[in-house]
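Participant: Here you go, sequence then predicted model.
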Amino acid sequence: MLRALLIALVLANLAVWAWRQPAVAHALSLPGPDSQRAPDRLSRQINPQAVRLVHASATAPAPSPSAAPAALPASAASAPLNSACLQAGPLSDTALAPAVAQLQALGLTNGQWQDGRQESGGRWIVVMGPYKTPDQLQKKQQELRGLKIAADELVNHPRLSPGLSLGQFASPTEAQARLAQVSRQGAHSARVEVLVPARVAHLLRVTSLSAEQVSRLSAPGDGPRWQACDATP
């Protein structure tokens, strides 16, 4: 058994040796180890001169007409090129008129902008005086005490001092009610005056402006200063 295996190994080695010898392999009509090398493979090519190298970009298919971008819908094509929101203010009653004139010059109507009217409360006073001398002031104070009307001396007011305050109020209605009360008690020369005038401010806000309208409003001029709207109306 071992002898037969040894003989088989020897014969296998001899066959491999013979295969690796080109002359022996050729004599025995066996394919040698060089049969797959380049010279032998080149000899088997058919019409090698017909082979041509082509760049990869040249092989890409041309886009078909159907791949062209679709046209925009008519509604989008007719949309404004730009839309913006500008505001001006706070403006006084006097400054409001030129701002409105600017908007009207752009062809806008009253319904196309918003007027955010803001009014800060004033102060009203029931007052007596002013008096020319300190003696007159003291005499009037004594009269009011006799009528049981509370009064405070009013000082440092450019128009009403030296005088007497019978009460300060946040609305003219309250001041008129106090005046009626002290008049019934005998303070017939008392009156209502504006201590701090109410302040009215306007914030103009206009939306959906075209690029041309924005440019015209933003141009330097004598009118109010227009700027981009705040995030919240």
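Facilitator: In hand now; what should we look at? All of these numbers come straight from a predicted model, not from anything done at the bench.
Participant: mind checking the longest strand of this protein?
Facilitator: When the chain is parsed with DSSP state E, its longest strand is strand 199-209.
Participant: Could you identify the helix or strand that succeeds that strand?
Facilitator: helix 211-218 (DSSP states H and E).
Participant: Could I get the CA-only coordinates of that next one as PDB?
Facilitator: In PDB, the C-alpha atoms belonging to helix 211-218 read as follows (Å, rounded to 0.1, in the frame of the first residue of the first chain):
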ATOM      1  CA  ALA A 211     -39.700  95.900  -5.000                       C
ATOM      2  CA  GLU A 212     -40.200  99.300  -6.700                       C
ATOM      3  CA  GLN A 213     -42.500 100.500  -3.900                       C
ATOM      4  CA  VAL A 214     -40.000  99.500  -1.300                       C
ATOM      5  CA  SER A 215     -37.300 101.300  -3.100                       C
ATOM      6  CA  ARG A 216     -39.400 104.500  -3.400                       C
ATOM      7  CA  LEU A 217     -40.400 104.500   0.300                       C
ATOM      8  CA  SER A 218     -36.800 103.700   1.500                       C
END
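Participant: If you count contacts, what does it end up packed against?
Facilitator: Applying 3 or more Cβ pairs under 8 Å, 6 or more residues apart in numbering; DSSP states H and E, one finds that helix 211-218 contacts strand 84-91. Placement of C-beta: from N, CA and C, glycine included.
Participant: Quick one: name whatever helix or strand follows the strand it packs on.
Facilitator: helix 93-105.
Participant: so how far is the helix or strand just after that following helix from its chain's centroid?
Facilitator: Per DSSP H and E, the first helix or strand lying C-terminal to helix 93-105 is strand 113-120. Its chain's C-alpha centre and that of strand 113-120 lie 22 Å apart, by Cα atoms, centre = their mean, to the nearest Å.
Participant: what lines up beside the very next helix or strand once past strand 113-120 in the sheet?
Facilitator: Next along the chain after strand 113-120, taking DSSP H and E as the criterion, comes strand 123-128. Paired with strand 123-128 in the same sheet, following DSSP bridges, are strand 163-169 (antiparallel), strand 191-196 (antiparallel).
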